[in-house]
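>>> This is a predicted model, with the sequence first.
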Protein chains: 2
Amino acid sequence: MTFFGSRWVEAPSNVTELPTGELPQGFRAAGVACGIKPSGARDLGLLVADHHETTSAARFTRSGTLAAPVLASTERARLDGLRAVVVSSGNANAATGAQGLQDAAEMQAAAAAEAGTPEETVAVASTGVIGVPLPLERVLAGIAAAGGELRFDGADDFAEAIRSTDAFAKRASLEVTLGAGAVRISAQAKGAGMISPDFATLLVFVQSDARLSPATCDLLLGVTVKRSFERITVDGQLSPSDTVILQCSGASGVAIEPETEDELRFGEALDATLRQLALMVVRDGEGARRVGRVLVHGGERETAERVARTVADSPLVKTALYGGDPNWGRIAQAVGMAMPGASPLELGIAIEGVEVCAAGAYVAHDAHALKQAVQGDEVQYEISLPGTGTGAEAELFFSDLGHEYVTINADYTT
Amino acid sequence: MTFFGSRWVEAPSNVTELPTGELPQGFRAAGVACGIKPSGARDLGLLVADHHETTSAARFTRSGTLAAPVLASTERARLDGLRAVVVSSGNANAATGAQGLQDAAEMQAAAAAEAGTPEETVAVASTGVIGVPLPLERVLAGIAAAGGELRFDGADDFAEAIRSTDAFAKRASLEVTLGAGAVRISAQAKGAGMISPDFATLLVFVQSDARLSPATCDLLLGVTVKRSFERITVDGQLSPSDTVILQCSGASGVAIEPETEDELRFGEALDATLRQLALMVVRDGEGARRVGRVLVHGGERETAERVARTVADSPLVKTALYGGDPNWGRIAQAVGMAMPGASPLELGIAIEGVEVCAAGAYVAHDAHALKQAVQGDEVQYEISLPGTGTGAEAELFFSDLGHEYVTINADYTT
């Protein structure tokens, strides 16, 4: 198994990997270069579900400045019966006003024509620079070209076409063995920067040939997104374009019925898949060297959540993670920032299992061993707050902050 | 005038500069090296007001993990009658538990002995690494040494001794002409990183030989801190050690009475001084190349404030400022993040007076001229929200995020 690379995600025993690029039954995809990206890389993706009984569910950004494609998807499409997804990269079609909305609608119509489905079954997504008009002619030519290249094994091209600043591809192609038979799950994700502490801040497309009702689709997507893309942050920034879509073709003939063992197992596989993809987004993290996991125990539920986010988004914590520096004082600082007025705070901190702070004060420890422990790819921080009996717990994965992030972001538009 | 270097601070006409290092009448200061900093730089400062009618006021961090010196100052001293201030740098004496509290109290007692004042008139402050026990022996030796070096023109040594990661000194020595006579104001500030969006997140000591009641002291400090150190952010991080102290010796014989023209003028001079010092902290900003000013007009008061802070703390906005990149789409993104659910948002954005976004969509503009306009040391961003009639306005100064910040913070403890 090469997909489940993080020690923080357990690969379910009923899941095996398929060759990358293969989609579940009932799906075809393509990715082409249409000229949005100056580099000439693929920048237009089209994904089509051929069966008209395909069910779906979707989640979108909560930004107050929604990008035009998000508005087109949420206002012009039926989110429980999406058949096609059209995605462009290199230009977000955001802050583009009425013209942007019209452009997104034209993408929807063109994709519908290629897919042979009604416009209302097409979702649109775009990622890239904000505030620049979309080069619509090129995009429409790209959609036509992609329509001619739709293939069962086109997932890799599609995954390539939805990338922007991503350093590597984020995709899964898996088989899940259930009581009623085998089903497939594939997924393509895009995200490295503008990854936020709130809802999923990226583009993620998940396909399965299992047969799910729209309600089950929505339930499973909602639960698994909460445990994956809502638990990550790169730079604490909420994108106006975030979109996650799950489509289930039913083409395997295996039905996932509510409250069955198979629903549980399918949900576990989906959960592991999305968590691993989310970790890959953090791992990419626009130049990230290391991934941190912060676990907060105790305190009130909202406090635990705020503490986790404040730690994960602290540039001081993130630069220390980058530097391989076990500077736990910055963790204490971030907790204090998240809990104004709580002093004196009986705070506990452990890094990679080494206790460094208890009852708010440092604990003698082997500094050399601790320094060694934070040199790995993944570093775990555990924070305990007073009132552990409440059972509150918050988990967040975050990237470091290093020179590569600055290099990538200091000169992105020009 | 070399002190008032920012176009955003107007030097009051009744203020002139004095040689740096000189304190107002009634104050003496010193700064020595006691061995906390491995570099051997000055790391222990002592400032004493000789007149026992000296009045004072103070403000402290709102962190939930208060450093021991903050607790010593707030719980063991009378903040309206502070006579002496003892400051160490290189070690924050934070997250150090009961031992840390005892160490801070010992600093207080030692400084009181040197100053010849009661312990309860001594404030303590420390800055530096969090979570490491204070080397008390060295500190006490340093206090004794500083006691022997107290001088009328010791402000520069004191300012030097309170620095940690600061790249340059932040100090003022000014004369203010009032109707009743001339008074002096001097100030020493320390701060570059862990500079927060909430209250003053640094060490600032201000002295005057004007005679102010404790109530006037407190009023003027409160108002001017709100317009200066509460309006800046480097990395959005709240320190457990922030301390601002104003001491007025009265030694000039010039009394500042409430609700007089002189109070207004003195307040204006103090205001300009603190704003310029605050801008110097942002300018230092652990390697900052440029300073941004964001002005938000319109919307509800709390919304305007949240928008300003979200923009100023966005790593995407900050890296663009660093790169001299007029990437206004990131401003739009940050506003959207601060106003979930507000879509469609009739947002306006102008950079250095160039309108780039109106009614939520891009406005055609001279991209080359705009690119040139953001190459300067100071870049201004104006954001207008719907509902301008509310008169709400929020202002924030912020540093960029560049390679130097990463370099400084990726390996600070080791």
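Received the coordinates, thanks.
>>> what are the ranges of the helices in chain A?
A:68-76, A:97-115, A:136-147, A:155-161, A:214-226, A:261-284, A:301-312, A:315-322, A:328-338, A:367-373, A:403-410 (DSSP state H).
>>> Turn the ones you listed into CSV, columns for distance to B:Val139.
All C-beta atoms are positioned from the backbone trio N, CA, C, and that covers glycine. Putting these into CSV (distance: least, C-beta to C-beta, whole Å) gives the following:
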stretch, distance to B:Val139
helix A:68-76, 57
helix A:97-115, 61
helix A:136-147, 66
helix A:155-161, 58
helix A:214-226, 50
helix A:261-284, 42
helix A:301-312, 30
helix A:315-322, 25
helix A:328-338, 18
helix A:367-373, 22
helix A:403-410, 36
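>>> Out of the ones you listed, the one nearest B:Thr55 is which?
helix A:328-338 (30.2 Å; C-beta to C-beta).
>>> Tell me the helices and strands packed up against that closest one.
Here helix A:328-338 touches helix A:301-312, helix A:315-322, strand A:348-351, strand A:354-358, strand A:378-384, going by 3 or more C-beta pairs under 8 Å, 6 or more residues apart in numbering or on different chains; DSSP states H and E.
>>> what angle sits between that helix and strand A:378-384?
Angle, helix A:328-338 to strand A:378-384, by axes from the mean of the first three to the mean of the last three C-alpha atoms, to 10 degrees: 50 degrees.
>>> what's near enough to touch the nearest residue to A:Glu149 once chain neighbours are set aside?
Excluding its sequence neighbours, the residue lying closest to A:Glu149 (C-beta to C-beta, 6 or more residues apart in numbering or on different chains) is A:Ala30, at 3.9 Å. A:Ala30 sits next to A:Gly45, A:Leu46, A:Ala146, A:Gly147, A:Gly148, A:Glu149, A:Leu150, A:Arg151, A:Gly154, A:Asp157, A:Phe158, A:Ala161 when contact means C-beta atoms under 8 Å, 6 or more residues apart in numbering or on different chains.
>>> ok so, going back, which one of the helices of chain A lies nearest to B:Asp271?
helix A:328-338 (26.9 Å).
>>> got the angle for the closest one vs helix A:301-312?
Using the same axes, to 10 degrees: helix A:328-338 against helix A:301-312 is 140 degrees.
>>> What is the neighbour count of A:Pro38?
8 (other C-beta atoms under 10 Å in any protein chain shown).
>>> Ok, the one 5 residues further on next?
The local packing of A:Asp43 (other C-beta under 10 Å) involves 30 other residues.
>>> Kindly report the same for A:Asp156.
Quick note: A:Asp156 (other C-beta under 10 Å) scores 19 neighbours.
>>> Repeat that for the one 5 residues further on.
Each residue near A:Ala161 was counted by other C-beta under 10 Å, and the total is 30.
>>> correct me, but A:Thr61 touches A:Asp242?
Yes: the pair A:Thr61 / A:Asp242 is scored as a contact, 3.6 Å apart, by C-beta atoms under 8 Å.
>>> picking that back up, need the helices and strands packed on helix A:328-338 in JSON lines with mean pLDDT and mean neighbour count, can you?
Below are those laid out as JSON lines (pLDDT from 0 to 100; neighbours: other C-beta atoms under 10 Å in any protein chain shown):
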{"stretch": "helix A:301-312", "mean pLDDT": "93", "mean neighbour count": "22"}
{"stretch": "helix A:315-322", "mean pLDDT": "92", "mean neighbour count": "27"}
{"stretch": "strand A:348-351", "mean pLDDT": "95", "mean neighbour count": "21"}
{"stretch": "strand A:354-358", "mean pLDDT": "94", "mean neighbour count": "20"}
{"stretch": "strand A:378-384", "mean pLDDT": "96", "mean neighbour count": "20"}
